[in-house]
Each structure stands twice: as structure tokens, then as C-alpha cells.
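In: Pasting the sequence and the predicted coordinates here, then a few questions.
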Amino acid sequence: MREDRRDIGTTEYTENAWSERFNKRSPASAPVVSARHKVKAVALVAVFAVLALFTVIMTTQSGYAIYMNGEELGSAKDIDMVEEAVQSAEDHASRILGYEYSVRENIALEPGRTAATDESTGTDIENAILENIEGIAKLYALKLDGETVAACEDAGTIDSVVNAVLDRFTSKDTVSASFIQKVSISLEYVNEDLLCNEAQLLEMLVPEDGGEPLLSVERTDRVVTSYETDFERIVEYDDTAFEGDDTILVAGIKGLNRKTEQVHYLNGVEQDRLLLEDELVIKPMNEVKSVGTKVRPYWMSYGEYIWPTDGILTSYFGYRSTDVGSSDHKGIDIAGDSGQDIYAADGGEVIYSDWLEGYGYLVKILHDNGDVTYYGHCSELLVYEGEKVGQGQLIAYMGCTGIASGDHVHFEIRRDDTPIDPLEELPY
């Protein structure tokens, strides 16, 4: 801009008026000369005039100085070019601001002599006008599919945020990633309201609250996972073994497979996947199981116990504080009603069925694994010594015989003649 700015707001200039002012000369007295001197003078004047005209033509041209709100924007000799530049600036400003914008009332032209080398182009004039419009600034614009969505003071900020968005939606398995939209950064005139910092731009493109991202990323991952494959179970029937006596001859070992898939994501959400390869890494080893088919006697033990009756557990195994019975409780007490059924916890041979001191009426059963179960305080015994009984068979009725404070069954399990906690053997 020129330093010698002038106020042109109140003065209108036209080319004719300017020419008339420029060509006015003050009257001067005519000197008296001879004809010979006249000829020489005229010749010299003609020479100097030609030289002066040539110099003026070579260095300057007639044109216009262009002003906006008193600020000199540039100069031009083509009035039509100036008109096109003003129109283009108005169109450009209207698109940026979002409404019809006019600058004509703020533009003034001053006819004059303008150096050809300083002549402004239409683009120069348009840019100079845009520089002087409030609300418009020259910034680095982020465009998505050609639409400007934000602007920053430097391109590096936009580039950093765009890369951060790409990083957010990629993983260690990503083989390709790209934006759905066409992304571009350019230095241009934009609406100042679009100016934002790095944090604001990132929040705009990918909202923290989980809203729909403005900038969308699609990616493809190559995912490799391993998974176990089950083994086959081969059954071999054995007619020399009893039913229920199943034996694992060969333990099965699960195999291992490696699966490679191509997974397509949009903004981190899986869209589809394609199986590329499913490779067997470790072959499974089949299980071989022997299953007995021989009919087992009803009295044979299963080696697992069932509850001898239903009721409420009133006393646990081990030490207890009591006024009735032993403080070193060798079993558990299950309370119920007088005459309630009591069943054999497992199959075996009855080795005792009679009265025994504090137990009252008592049944003892020897099982195939060597364990002995006790059923005490019965009101009536239904089996006899030496009888074979099956698991779940009714053997007695509940009572309050011996040292007891109420109707219940005292249940013991002795292993190698040592009492063990029945709750560790009974099903939950």
C-alpha cells in the first residue's frame, strides 16, 4: 500500500476530467524571433518532444489507481479487468460468508499515470479486496470431498490431526487404511468462523462422546488367531467289565488350528470378514474309552455316595460344643421326621445291623472300595448282617435312639477305619 494515502471518498474522477486537468497550461508571453531561429527552435522542440514521448511511452501507461475504503489495492489500465475482478471478489466473498455480499460501494478508481511494471492482475485485485473484508481470512483450509469444514493457521496442525484420526482407527493388524472422503489442505480465503486449534479440530472430526465421525476411516486388517479343535472319542466295549466301569485307555489331546482372516472395519466397527486360511498346526489325538457291558449286580459299589436321606444338617464333622453326645463328632447329623426313610449311600454288604451303645440302632455297610458307612439313631432296621444292598436301597427308618436329642440320622464314612468328613464325599 502506498504511504501517501488520500481521501478519495468525496471526489469522483473521470478520464476526461483528469485529461482536461492534466492538459491545462498557464498563458505565457510569446517571444519575438526571426524566421531562421524559428526553424531551428521548432526542430529542436520536435526532437525533444519525440524523445520525451518515447520515454513516457516506454516507461508509463495511462491507467487507474484502485482504492477500497481509502486503502490502495493496486493499479490497472483495463477498466473491464477491474470490473471482472470486483465481480469475482463479490462472488467469492458471498460463497465464503454464506450470503450475498457487495463491495462496489467501497471501491473507487483514480485515473492517472501508472507504471506498467506495477500493474495489478485481476487475481491481485480480487485477493486485495478479500484481504479487506471483515470476517474473511487467508488460512489453511481442510476440505472433505471439496467442502471446507475447518481452517487452521498452519498446515502442520491439520496434517497432525488428520494423521491422529487415521491412527485412532487402525491397529497392529492393519494392512491398509484410508479415508472415505477425499481429504485436501490448501491455503485460501475462508470464513474466520472456521478457525480452530488442534484439539477443537480433532473433536470436530472424531467426537469424544461417540458421535458420528465427520472424517471416516475404512481399514482392512489381517487377523491371525489360534483355536483348539476337539478330539474324537472312540468307544471300545468290554463284556468282561461291569456296566458303569468305564476306563480311559488313551487320553485325548486337543489339536490346534491357526486361522487367517481379512476383516473390514468402518470407524473401528467391523463390517465383514473373509476367511483366507485355516491351517492345522497340531493334530488332535483321539480318546479311547473302554465301556463295560456286563450286567452289574445291584449291590456293587459305584465308588460315589448319595445323601442317605433328606433333611436339615444340624451338626457338622469334627469338634463341636454340645451337652449331648461326643464333642469330637465323627460324622454329620441330618434331622428329619420320625420314621423317615434312610437309604444306602452306596452298594455293598451289611456288616452290622443292631443296637450299639450311643449310636442306638445302627447299620454299617462295607463298600467295594473298603470304605464303611454308618447310619445311627434309627428307629427301625430293615436289613440284616451279611445282606447285599444296592445304592439307594431302603435300609432303616429315622429315629431318636441311643444318645440323641431329636429325630435324625448320624452318618459316617470311615476309610481305613478312620472317620473322614462326609461332606467332602457327598454331592453338592
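Out: Structure's in. What do you need?
In: What sits closest to residue 154 if chain neighbours are left out?
Out: Among residues not flanking residue 154 along the chain, residue 140 sits closest, at 6.2 Å (Cβ to Cβ, 6 or more residues apart in numbering). Where C-beta positions appear, they are placed from N, C-alpha and C, glycine not excepted.
In: That neighbour: how many residues sit nearby?
Out: 20 (other Cβ atoms under 10 Å).
In: Quick one: residues contacting it.
Out: 151, 152, 153, 154, 155, 157, 158, 185, 186, 187 (Cβ atoms under 8 Å, 6 or more residues apart in numbering).
In: PyMOL command to pick out the buried ones of those residues?
Out: One line in PyMOL is enough to select the buried ones among these; burial here means 16 or more other Cβ atoms under 10 Å:
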select buried, resi 151+152+157+158+185
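In: so of the contacts of residue 140, which ones are in strands?
Out: 151, 152, 185, 186, 187 (DSSP state E).
In: so residue 177 touches residue 171, yeah?
Out: No - taking contacts as Cβ atoms under 8 Å, residue 177 lies outside contact range of residue 171: 9.5 Å.
In: which of those two has more neighbours?
Out: residue 177 (16 against 13).
In: okay, and the common contacts of residue 177 and residue 171?
Out: Joint contacts of residue 177 and residue 171 (Cβ under 8 Å, 6+ apart) are residue 219.
In: returning to what we had before: which among the contacts of residue 140 gets closest to residue 217?
Out: Nearest to residue 217 among the contacts of residue 140 is residue 158, at 15.9 Å by Cβ to Cβ.
In: Name all residues that make contact with the closest one.
Out: 140, 142, 150, 152, 185, 201 are the contacts of residue 158 under Cβ under 8 Å, 6+ apart.
In: need the residues you listed in CSV with pLDDT and distance to residue 403, can you?
Out: Shown next, in CSV, are the contacts of residue 158 (pLDDT from 0 to 100; distance: Cβ to Cβ, whole Å):
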residue, pLDDT, distance to residue 403
140, 98, 97
142, 97, 92
150, 97, 90
152, 97, 93
185, 96, 95
201, 96, 87
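In: still on that earlier bit, show me which pair in the ones in strands among the contacts of residue 140 is furthest apart.
Out: Maximum distance among the ones in strands among the contacts of residue 140 (Cβ to Cβ): 11.8 Å, for 152 and 186.
In: could the ones in strands among the contacts of residue 140 be laid out in JSON lines, adding distance to residue 134?
Out: JSON lines is the format used below for the ones in strands among the contacts of residue 140 (distance: Cβ to Cβ, whole Å):
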{"residue": "151", "distance to residue 134": "16"}
{"residue": "152", "distance to residue 134": "20"}
{"residue": "185", "distance to residue 134": "25"}
{"residue": "186", "distance to residue 134": "22"}
{"residue": "187", "distance to residue 134": "20"}
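In: how close does the closest residue to residue 168 other than its chain neighbours sit to residue 132?
Out: Among residues not flanking residue 168 along the chain, residue 206 sits closest, at 6.3 Å (Cβ to Cβ, 6+ apart). Separation of residue 206 from residue 132 (Cβ to Cβ, to the nearest Å) stands at 36 Å.
In: Residue 84 now?
Out: 18 Å.
In: Equivalent analysis for residue 167, please.
Out: Where residue 132 is concerned, residue 167 sits at a distance of 41 Å (Cβ to Cβ).
In: Which one of these two is surrounded by more residues?
Out: residue 132 (15 against 12).
In: hang on, residue 166 is in a helix, isn't it?
Out: Yes - with DSSP: H, G, I helix; E, B strand; the rest coil as the criterion, residue 166 is part of a helix.
In: Spit out the contact partners of it.
Out: 177, 179, 217.
In: swap in residue 151?
Out: Taking Cβ under 8 Å, 6+ apart, we find residue 151 in contact with 137, 139, 140, 141, 142, 190, 191, 194, 195, 196.
In: Secondary structure for these - can I get that in TSV?
Out: Shown next, in TSV, are the contacts of residue 151 (three-state DSSP):
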residue	secondary structure
137	strand
139	strand
140	strand
141	strand
142	strand
190	strand
191	strand
194	helix
195	strand
196	coil
